[in-house]
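[1] this one's sequence-less:
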């Protein structure tokens, strides 16, 4: 069964940290570009961070550079998002995405996990 299951969201004070996890099943995780997106109320979904299938060349939205780190463990079929120095603007639902282009493409989404940054 194809699944992307996020966890690790919650309520945190400004300046705090959270680590999101996304566990994949039902497809070839190691062939996928893995990304984290977020959507705040009233706003469009935006790309936060992405990492290649090999786990190198991560890229980040300007708003999170230097604060967030994306990583992946292909053996565990898991992608992580370490979020430090969180700000109120980081409040959103965070979604995990798995994507592959080419002859056998796919584009899968998780159900999302809520992150709320508030004092």
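    Thanks, I have the structure now. Computed from a predicted model, the values in this text were never measured in an experiment. Numbering: from 1, shown residues only.

[2] Mind listing what's buried along stretch 106-117?
    Residues 108, 110, 112-113, 115, 117 are the ones in stretch 106-117 that count as buried (16 or more other C-beta atoms under 10 Å). Yep, even glycine has a C-beta here, placed from its N, CA and C like the rest.

[3] got those as CSV, with distance to residue 63 columns?
    Output for the buried residues of stretch 106-117, formatted as CSV (distance: C-beta to C-beta, whole Å):
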residue, distance to residue 63
108, 25
110, 21
112, 19
113, 19
115, 14
117, 13
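
[4] For those, name the two members farthest from one another.
    The largest distance within those, taken as C-beta to C-beta, falls between 108 and 117 and amounts to 27.0 Å.

[5] quick one on the thing from earlier: which ones among the buried residues of stretch 106-117 lie within strands?
    When the buried residues of stretch 106-117 are checked against strands using DSSP state E, the ones located there are 108, 113, 115, 117.

[6] Distance of residue 33 relative to residue 5?
    Distance check for residue 33 against residue 5: by C-beta to C-beta, to the nearest Å, it reads 18 Å.

[7] contacting residues for the residue positioned nearest the centre of the chain?
    What sits nearest the mean C-alpha location of the chain, by C-alpha atoms, centre = their mean, is residue 36, with 2.5 Å. With C-beta atoms under 8 Å, 6 or more residues apart in numbering as the criterion, the residues that contact residue 36 are 20, 22, 47-50, 70, 79, 81, 94-97.

[8] which intervals of the protein have sub-threshold pLDDT?
    Within the chain, not a single segment meets pLDDT under 70.
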